[in-house]
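Novice: Dropping the sequence and predicted coords here.
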Amino acid sequence: MDKLRAVLFDLDDTLFDWRLASMRGLAALQAEHPALAREPLKKLEQELWELVQTTHAGMMDRRMSAAEIRQERFRRLFAVRGVEIPAGQAELVHDLYREAFLESQCTVPGVPELLRELRESATVGVVTNNLSRREQEMKVRACGLDGLVDFIVVSEEVSEPKPGRGIFEAALARAGCRANEAVMVGDSWEMDVMGAVRIGIRAVWFNRRDLLCTDPSLATELRSFEPLDTALGVVLRSTSPTAH
Ligand SMILES: [Mg+2]
């Protein structure tokens with residue numbers, strides 16, 4: 001195995017605890033909207049997460065504006081409960097959710113300890129799909145990770161978002177290493193794992209939601225960053241993917 005020189009991390013739901021932030025946002029909505037009030041928070045969070053997965057591509061290729069897509073997610077969340085909300089109200093719903101979401105400034109458990117250890121021997125970078133560097137930097141700062149990462153590559157500034165090559169090539173250039181000297185850690189099988197593996201970066205799939213792995217030969221799986229020794233072992237000893 002080639003010496004590991006860089007560890008690349010996805011941000012949302014890998015370093016930044018998007019799930020916790022989202023549950024806080026949804027709890028704020030439950031307090032105001034009877035249609036959601038009786039639903040278990042975890043169920044709502046799972047539904048919204050699935051809506052984000054299915055609508056994210058439309059945002060990245062700018063078929064719809066970010067605002068339109070965010071409103072559409074909440075419109076659908078209400079619509080499946082038989083409540084139609086007009087565009088103007090969807091915007092207010094999103095704003096209420098967003099305010100509580102942004103107040104949540106937590107990393108996924110175990111992240112600071114893991115990054116501290118990894119930086120003893122490797123460069124640590126963040127590779128994230130988002131239309132705003134400002135927003136992603138804000139999250140990194142808010143959860144206290146700005147001193148623990150060496151660089152952030154945001155898709156808005158590169159030729160291609162994940163899972164395309166462009167964003168990974170930009171990250172390797174920032175890290176000053178080759179693909180076989182890096183590992184990518186992320187929660188999205190398609191964006192993080194497949195994107196990395198296609199250009200020869202080994203991958204660790206952060207499968208916090210206990211999803212079914214479609215091909216275990218492509219990535220090492222990790223369900224938690226705790227305990228630290230186990231997580232560190234998986235990241236440092238992940239095997240090189242076979243050529244695809
Ligand atoms: Mg993610």
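Specialist: Arrived safely, thanks for sending.
Novice: Please make it C-alpha for all contacts and neighbour counts, starting now.
Specialist: Fine.
Novice: in the strand or helix carrying Ala31, what counts as buried?
Specialist: Assigned by DSSP states H and E, Ala31 belongs to helix 18-32. Using 16 or more other Cα atoms under 10 Å as the test for burial, helix 18-32 gives 18-30.
Novice: likewise stretch 42-54?
Specialist: Counting neighbours by 16+ other Cα under 10 Å, one finds that the buried residues in stretch 42-54 are 44-45, 48-49, 51-52.
Novice: Next, the residues that contact it from outside, please.
Specialist: Applying Cα atoms under 8 Å, 6 or more residues apart in numbering, the contact partners of stretch 42-54 are 19, 22-23, 26, 73-74, 77.
Novice: Keep only those that also lie close to the ion.
Specialist: Among those, none lies close to the ion by the criterion of Cα under 5 Å from the ion.
Novice: Pull the CA coordinates from the helix holding Ala31 and hand them back as CSV.
Specialist: What follows is helix 18-32 as a C-alpha-only set of coordinates in CSV (Å, rounded to 0.1, in the frame of the first residue of the first chain):
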residue,chain,number,x,y,z
TRP,A,18,-26.1,17.3,9.5
ARG,A,19,-28.6,14.8,10.9
LEU,A,20,-28.5,16.5,14.4
ALA,A,21,-28.8,19.9,12.8
SER,A,22,-31.7,18.8,10.7
MET,A,23,-33.5,17.3,13.7
ARG,A,24,-33.2,20.6,15.5
GLY,A,25,-34.6,22.4,12.4
LEU,A,26,-37.5,19.9,12.2
ALA,A,27,-38.2,20.2,16.0
ALA,A,28,-38.6,24.0,15.4
LEU,A,29,-41.2,23.2,12.7
GLN,A,30,-43.0,20.7,14.9
ALA,A,31,-43.6,23.5,17.4
GLU,A,32,-45.4,25.6,14.8
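Novice: Skip ahead from it and say which helix or strand is next.
Specialist: helix 34-37.
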